[in-house]
Structures are given as structure tokens and as C-alpha cells.
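Sharing a sequence plus its predicted fold:
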Amino acid sequence: MKKTNTFLRNRAKYSLFLIAGVVVSFVITNNAFADDYSLTLTSSGSQDVNISASAGTAISSDSINVSTTCRYGYNFTINTSVNNNNLYLNGNSSNNASGTYFSPVDGTTALNASTNKWGYYYNSSASNTPTSTSIFSPVPTLNNPATVKTPLTTPASSDINDNFNIYYGVSSSDSMPVGTYKMIPDTNNSNNDGTIVYTATIADTCVKYTVRFNATSTYGGIELTGSGTMSDQLIYEGVLTSLNSNLFVAPSGYKFKEWNTLQDGTGVAYKDGVDVMDLAVVGNTFNLYAIWVPVYTINYDGNNADIGITMESNHSNVGEGDIINLYPANYKRDGYGFAGWSMEQLDPDDSNFQTRLASAVNSGKVFGPMATIVAPPYPGSDSAVLYAIWVKSAGDMQNWSGCSNMNIGDVTALEDIRDNDVYAVAKLDDGNCWMIENLRLDNNSINPNWGDDDLSQGFGGVFHGLATPDPPNYFNYSTDWSKPNSLYSIDGSTIYVVSGGIRLPRFANSNTADPVTSLGNTRAARIYSYGNYYNWPAAVANTTNTNNPSTSICPKGWELPIGGIQDINKSYNHLFVSMGYTGDIGHSEESEQFRAYPYNFVYANTFGNALGKIGKYFTRTQFNSWNIYALYLTDGEVRATIAQTDNVYDGSSVRCVVGS
């Protein structure tokens with residue numbers, strides 16, 4: 001068969017064998033601008049179909065695959081190289097005294113209801129095989145091709161990759177002569193051999209425009225050009241498409257921020273790899289410029305801290321618009337509570353401190369200790385500084401009644417006289433006052449001879465009581481809640497024993513890429529940064545009476561939050577709803593707000609999870625005999641009511657609350 005169409009691609013011939021029946025050949029073609037639209041068409045070839053000399057039906061199939069970058073799809077047609085779709089014994093018309101042995105089906109009659117007929121069947125599912133009762137259509141001819149698939153009315157969301165079958169069937173009588181049947185007499189020109197032709201043609205609606213990426217832009221009036229090259233990107237009209245990722249190399253001292261329609265960055269901005277649609281008129285070119293911004297380092301400053309423990313690390317190679325996850329403080333200042341980080345250095349002893357703090361908050365310069373922030377513009381030097389915010393203690397935390405005098409968003413600090421530690425406290429959206437630092441209480445100050453725990457274990461053991469001078473192994477704890485084995489708590493001036501245990505913030509495995517792997521190997525550093533972890537018997541002060549707020553590890557007059565009740569005050573869920581959320585499970589935006597100032601919830605992990613990944617906070621409400629309701633926090637979601645700790649002996653963080 002001669003090649004008569006200059007657009008035909010990848011011609012190949014196949015045969016369908018009907019044993020003791022017919023032989024039919026196929027040619028598969030790709031009728032398209034293949035270089036422009038990357039359309040390919042393939043076939044598995046023919047299948048054998050066995051029939052006996054007696055009456056019966058036989059069905060064979062050809063497996064077709066069509067793939068194209070034109071998301072509007074393609075036309076798919078079938079035809080033959082001749083205009084006669086009868087089947088002749090040995091391809092010789094002289095053998096057909098009655099005209100034909102196999103005539104085309106009429107497209108209305110099933111194969112098993114006809115005799116000496118043949119036809120084709122199309123189904124969009126490659127796994128749906130027709131039966132002899134299915135209606136087969138006449139095999140199309142050269143001048144009468146059959147269109148079996150048309151383009152999409154709306155573009156697909158991805159490239160087209162179709163797989164389907166074309167079926168062929170015959171129905172013969174028991175009087176049929178055994179032999180080979182062809183569509184045309186073998187005396188005809190061999191170029192017209194009855195070959196079946198599959199044609200895939202790109203849809204006329206498949207049109208596109210060009211996105212051109214430019215490496216030159218300006219920053220502060222300075223022209224900057226990245227090195228390397230990027231090819232133009234062809235995008236189809238009406239199709240949501242991801243922009244190609246930046247491949248240019250930034251100029252020295254700069255980094256890529258985003259794409260922009262103007263070289264000075266004042267036009268429309270597009271993030272790298274963002275999904276776009278219809279940026280330009282079809283056939284036009286849409287120019288995007290790589291915006292380069294100078295890099296700098298964000299450092300932490302203890303702001304006159306008394307104890308300056310080295311921070312996990314600074315944030316290096318930062319550029320405007322980068323997403324930065326801040327760290328909790330490894331600093332301590334006696335008599336002051338830590339409230340977060342500020343881009344301004346604030347003096348807590350200044351009479352205008354609260355006014356200056358409020359101003360910094362309103363201008364977006366104050367952040368929680370594990371907040372996710374967007375890096376600000378270049379500060380004009382190679383480094384920027386985040387200063388610790390210290391709030392001076394306003395007095396005794398026990399039986400404190402000052403919450404009613406505070407406005408929502410106000411921050412103060414109070415001293416827990418049980419161990420003389422100071423905590424920052426804020427009045428949050430629900431109208432209650434919450435500690436905005438995790439509880440750090442342990443009996444280290446009561447038993448000063450016991451030093452740092454065994455760091456080689458990877459976690460802290462429980463803290464001992466007077467009857468156990470050495471820290472016992474955590475896994476040997478008693479399940480008898482009446483038996484003291486760890487903590488001494490002081491309610492006002494009364495010392496009492498609390499059962500259960502405390503866990504220290506656990507070190508991450510040295511093989512992981514946690515941001516805290518370089519945290520100083522001191523018990524004090526870990527406790528101050530993340531608070532202590534308490535199992536539930538310790539958190540509720542050795543009682544299962546969870547409706548009594550006085551029996552908890554919290555200071556006198558303060559409570560563990562309530563859990564599991566949707567609308568009750570002093571619960572994480574009540575705070576959750578007061579912050580503007582409507583459901584129990586929030587998403588990344590809600591999680592970010594919980595970590596923002598002044599909420600300051602941090603990823604103080606539970607046992608078995610790496611630091612900096614998960615935060616769990618106890619309530620005083622049991623879910624069942626082994627599980628407790630808790631606030632659950634990750635970088636992707638926050639659950640305020642339904643989450644439970646793994647069991648009552650898991651170590652979780654504690655935040656205490658008091659009403660106005």
C-alpha cells in the first residue's frame with residue numbers, strides 16, 4: 001500500500017486470522033502534526049479467532065492505545081483501502097456464484113441472529129468484551145470511514161492516554177466452504193488489499209499559546225541576570241497547567257523568589273510551578289521574568305537573658321517571601337516569662353512596654369515560638385534579628401484574680417511559687433487566661449541532688465519520690481494510681497504526692513533531619529524550650545475525678561482544660577470556636593494560628609515522635625479507661641475535641657487555664 005498522505009506516521013500492517021475462515025489485514029496510522037502535539041497511536045496487532053466448519057460465531061479484537069498532549073482529545077476513525085467490504089472465498093470474486101459468502105451486517109442484527117455476516121464493534125472499555133448478541137456495524141470502506149471517537153467538548157485535566165479495543169466478528173453457516181476469505185479479489189492491485197486503517201487526528205480545537213521565561217529582572221534599580229537557559233512552555237487554551245519550575249541559576253548573593261510579568265517585580269506575580277490557565281491569547285507569547293532577591297540570615301537574640309543556651313540554629317540563605325519555621329527559645333530570664341519573638345528589641349522594664357508590644361503586634365513584627373512566618377524583605381544588611389520577648393512577673397500565680405482586668409490579647413507573666421518559675425499568660429479569644437508556655441514543673445528543685453537524666457536512653461526517665469532515690473525505668477511504672485512513683489507537687493504551701501510520671505522532651509534520632517538535633521544536651525534546655533511531659537495520672541494529680549479542677553498539676557486556682565464537650569467554657573474546643581473555626585478538625589491555616597502569637601502552642605512531641613513534629617496537650621476528661629481527650633497539633637491540622645492520646649501513660653504537654 002503506497003503512502004499517499006504526507007501526514008501519515010508509523011504505518012504498520014497486522015492481520016486478523018479467522019481459522020478456516022477469513023484473513024483481513026490492518027494498517028495503523030497517525031494522522032496528525034506529531035511534532036507539534038506529540039500524538040502517538042499504537043495497536044497490539046490482530047488476534048486469532050477459531051471457528052469450525054459448522055455454523056457459529058467468532059470474535060477477535062485489536063487493542064488500541066492513543067496518547068496526546070492535546071487535552072481536547074482527537075478524532076478516531078476506521079476505514080479500509082477499498083470500497084467493497086464483502087468477504088470473498090480466496091479473494092476471488094469468481095468463486096462467489098451467489099455474489100458473496102460474507103456480506104456486511106446491517107448494524108441492527110446480532111451476529112448469532114444472522115448468517116454469513118461480518119462487522120466491527122467499538123467499546124470505550126478495553127475490558128468490556130462484546131458477545132455474539134451484541135450489535136456489530138458494517139466494516140467501513142475507503143470512501144465511508146466510521147468515526148468511533150470524537151474530541152472532548154471540554155479539555156481533560158491531564159494528557160490523553162486512551163486504551164480501548166476494536167472488535168471484529170463473523171457468523172458462518174455449516175454450508176460455508178472452508179477456505180481463506182478476503183475483502184477483495186486477489187487479482188486486484190496489491191496496493192488496494194483491503195487493509196483496515198485506524199486514523200487518529202488531533203482535534204481542531206486543540207490550540208495553544210507560549211510562555212517565555214526570562215532570566216533578567218531588577219532589584220532596587222540594579223539589573224540582575226541569572227545564568228542557564230529555559231525553554232518556552234506551550235500551554236493549551238482552557239487547560240489548567242503547572243508553570244515549568246525555575247531552572248535559572250541565581251546571581252551570586254541572590255535567590256529566586258517568583259515569576260513576574262514586569263522586570264521590576266511590580267506586575268502580576270506567579271509562584272514557581274503554580275497552576276495557570278489562559279494567560280495569553282492563543283498564538284501569542286506571555287513573558288515572565290525571574291525575580292531575584294538578596295539573601296540574608298535570621299539570628300536569634302536572648303534580649304538580656306540570664307541563661308543563654310545556644311539556639312538550634314539560625315536561618316541562613318533567607319530571601320524575601322521564604323517560608324520560615326521558627327524555633328522555641330533556649331533562653332531563660334529569671335523573674336520574666338517568655339512570650340515569643342519580635343523583630344524589635346523590647347525592654348520589659350520600660351514603662352511603655354505594653355504599648356510598644358501592642359504596636360509591634362499590630363505591625364506584624366511579633367511571632368509565636370514555633371510560628372510559620374513569611375520572611376520579610378531584605379533588611380539592608382546580611383542579617384536580621386529576632387529578639388526574645390520577656391514579660392516581667394506581675395506576682396503570684398496561685399489564686400490569681402487579675403484575668404478580669406485584662407483585654408483579649410493582653411499578655412502578663414506570673415510566678416508559680418511551687419518552683420519559682422515564671423510563665424507568660426495571655427487573655428485569649430474565649431475570654432479566659434491561658435498559660436502561653438508549657439508547664440515545666442518537676443521535683444528537680446525539691447531534690448537538687450538528682451542531675452541530668454541518662455541521655456543515652458533517648459528520653460528522660462520518670463522523676464523519683466522520696467521512696468525512690470534513683471530514677472526508675474519508665475517502663476516499670478506502676479499501674480496502681482494510688483502508688484506514688486514520681487512527682488511532688490505543691491498546692492499553695494501544701495506538699496502532696498502525685499502518681500504517674502514525667503517525660504522529658506525526647507531527642508530526635510540522629511539519622512533524621514529534625515530542626516532540633518543540635519539542641520544542647522542538657523535537661524534544663526529541653527524542659528525550658530518544650531516544657532515537661534506528664535502522663536495522665538500526674539496531670540490530674542492522682543485522681544479519676546476529672547470534674548474537680550482543683551485536683552490537677554496546675555497551680556492553685558488554675559485548671560486543666562475540659563475535653564470532649566463541644567460548647568463548654570475552658571476547653572480547647574471553646575477556644576477553637578472563639579478563634580473563628582467552625583469544625584472540630586481544622587487545616588494548615590488553623591494550625592498556623594494556634595502556633596502564632598499569643599497562643600504559642602508548640603510541637604512538644606509525645607513519646608515516640610520526633611521533636612518539632614507533633615504537639616499533644618492534655619485535658620482532664622477521659623475518652624475511655626485508657627484514652628484521654630487532648631488538643632492535637634501538626635503543621636497540617638489541629639483537632640480540638642475528638643483527638644485522644646494513645647493511652648493514659650503517654651507523656652503529653654500541659655497548659656493551664658483560669659477564667660475571668
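It's in. Numbers count the residues shown, from 1 in each chain.

for the stretch 551-660 of the chain, what spans make up the helices?
572-578, 588-595 (DSSP state H, counting those that start in this stretch).

swap that for the chain, sorry
Using DSSP state H, the helices found in the chain span residues 34-37, 353-362, 523-530, 536-539, 572-578, 588-595.

before we move on, back to that, looking at the helices of the stretch 551-660 of the chain, which is closest to Phe164?
Shortest distance between Phe164 and these, using C-beta to C-beta, is found for helix 588-595: 40.9 Å. For glycine as for every other residue, the C-beta is placed from the backbone atoms N, C-alpha and C.

what helices or strands is that closest one leaning on?
Under the contact definition 3 or more C-beta pairs under 8 Å, 6 or more residues apart in numbering; DSSP states H and E, helix 588-595 sits against strand 628-633, strand 638-639.

what sits up against the shortest one?
Contact with strand 638-639 is made by Phe576, Asp584, Ile585, Gly586, Glu590, Ser591, Phe594, Leu631, Tyr632, as judged by C-beta atoms under 8 Å, 6 or more residues apart in numbering.

Contacts for stretch 556-564, please.
Contacts for stretch 556-564 (C-beta under 8 Å, 6+ apart): 397-400, 435, 491-492, 539-540, 549-550, 552-554, 568, 570-573, 617-621, 623, 628-631, 641-642, 654-658.

now do stretch 135-144
77-85, 104-111, 117-121, 130, 146, 167-169, 183, 196.

what's the answer for stretch 118-125, then?
Taking C-beta under 8 Å, 6+ apart as the rule, stretch 118-125 contacts 22, 59, 78, 87, 102-105, 107, 111, 130, 134-140, 146, 148-149, 164-171.

Counting neighbours, which of those end up buried?
22, 59, 78, 87, 102-105, 111, 130, 134, 136-140, 148-149, 164-171 (16 or more other C-beta atoms under 10 Å).

These in strands, which ones?
Judged by DSSP state E, the buried ones among the contacts of stretch 118-125 include 59, 78, 103-104, 148-149, 164-171 as members of strands.

Out of these, which is nearest to Thr225?
For these, the nearest to Thr225 is Lys149 (48.1 Å; C-beta to C-beta).

Wait, that closest one touches Asn75, no?
Yes: at 7.0 Å, Lys149 and Asn75 qualify as touching, with contact defined as C-beta atoms under 8 Å.

Quick one: neighbours of Asp635, just the number.
Applying other C-beta atoms under 10 Å, we find 16 residues neighbouring Asp635.

And for it, nearest residue in space, chain neighbours not counted?
Ser591 (6.0 Å; C-beta to C-beta, 6 or more residues apart in numbering).

so the one you found makes contact with Ala640?
No: using C-beta under 8 Å, Ser591 and Ala640 do not qualify as a contacting pair, with a distance of 11.1 Å.

So these two - more neighbours on which side?
Taking other C-beta under 10 Å, Ser591 and Ala640 do not tie; Ala640 has more neighbours (30 against 21).

so how far is Thr241 from the closest residue to the more buried one other than its chain neighbours?
Spatial nearest neighbour of Ala640, chain neighbours left out: Phe576 (3.8 Å); criterion: C-beta to C-beta, 6+ apart. From Phe576 across to Thr241, the span is 38 Å (C-beta to C-beta, to the nearest Å).

ok, those two, which is more surrounded?
Taking other C-beta under 10 Å, Phe576 and Thr241 do not tie; Phe576 has more neighbours (26 against 21).

Could you report the distance from the more buried one to Ser529?
25 Å.

likewise Leu633?
16 Å.

Then Gly409?
According to C-beta to C-beta, Gly409 stands 25 Å off from Ser529.

So which of the two has more stuff around it?
Legend: neighbour count by other C-beta under 10 Å for Gly409 and Ser529, higher for Ser529 (28 against 14).

isn't that one right up against Phe338?
No: using C-beta under 8 Å, Ser529 is not in contact with Phe338, being 9.6 Å away.

joint contacts of these two?
Joint contacts of Ser529 and Phe338 (C-beta under 8 Å, 6+ apart) are Ala329.

just to revisit the earlier point, now the contacts of strand 638-639 in JSON lines, with pLDDT?
As requested, the contacts of strand 638-639 are exported to JSON lines (pLDDT from 0 to 100):
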{"residue": "Phe576", "pLDDT": "89"}
{"residue": "Asp584", "pLDDT": "72"}
{"residue": "Ile585", "pLDDT": "77"}
{"residue": "Gly586", "pLDDT": "81"}
{"residue": "Glu590", "pLDDT": "88"}
{"residue": "Ser591", "pLDDT": "89"}
{"residue": "Phe594", "pLDDT": "93"}
{"residue": "Leu631", "pLDDT": "89"}
{"residue": "Tyr632", "pLDDT": "88"}
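
Tell me the buried residues within those.
Among these, those buried by neighbour count (16+ other C-beta under 10 Å) are Phe576, Gly586, Glu590, Ser591, Phe594, Leu631, Tyr632.

shaky segments in the stretch 251-400 of the chain?
Applying pLDDT under 70 to the stretch 251-400 of the chain picks out residues 308-310, 312.

what's the answer for the stretch 451-600 of the chain, then?
In the stretch 451-600 of the chain (pLDDT under 70), the answer is 451-527, 541-550, 566-567.

let's see 90
Residue ranges of the stretch 451-600 of the chain with pLDDT under 90: 451-557, 562-569, 573, 576-577, 580-591.

For the closest residue to Glu223 other than its chain neighbours, name its beta-bridge partners.
Nearest non-adjacent residue to Glu223, counting by C-beta to C-beta, 6+ apart: Thr216, 6.5 Å away. The partner list for Thr216 in beta bridges (DSSP bridges) reads Thr225.

And for Tyr423?
Under the criterion used (DSSP bridges), Tyr423 bridges to Leu414.

can I assume it is in contact with Gly337?
Yes: counting by C-beta under 8 Å, Gly337 is a contact partner of Tyr423 at 5.0 Å.

before we move on, back to that, tell me the one among the ones in strands among the buried ones among the contacts of stretch 118-125 nearest to Leu234.
For these, the nearest to Leu234 is Lys149 (24.0 Å; C-beta to C-beta).

Next one: the closest residue to that closest one other than its chain neighbours relative to Ser242, how far apart?
In space, and not counting its chain neighbours, Lys149 is closest to Phe76: 3.8 Å by C-beta to C-beta, 6+ apart. From Phe76 across to Ser242, the span is 28 Å (C-beta to C-beta).

which of these two has more neighbours?
Per other C-beta under 10 Å, whichever of Phe76 and Ser242 has more neighbours is Phe76, with 22 against 12.

residue boundaries of the strands in the stretch 551-660 of the chain?
615-622, 628-633, 638-639, 657-658 (DSSP state E, counting those that start in this stretch).

Would you reformat those as TSV and include distance to Lys392?
Shown next, in TSV, are the strands of the stretch 551-660 of the chain (distance: least, C-beta to C-beta, whole Å):
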stretch	distance to Lys392
strand 615-622	26
strand 628-633	28
strand 638-639	31
strand 657-658	19
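
between the ones you listed, which gets nearest to Thr210?
strand 638-639 (43.5 Å).

I'd like the average pLDDT over that closest one.
Per-residue pLDDT values over strand 638-639 give a mean of 86.

Give me the distance from it to the chain's centre.
Centre-to-centre, strand 638-639 and its host chain are 16 Å apart (C-alpha atoms, centre = their mean, to the nearest Å).

And stretch 307-323, by the same measure?
25 Å.

same check, this time on stretch 245-258
With C-alpha atoms, centre = their mean, you get 25 Å for stretch 245-258.

Likewise for stretch 63-79?
Here stretch 63-79 is found 33 Å from its chain centre; the criterion is C-alpha atoms, centre = their mean.

All set, thanks.
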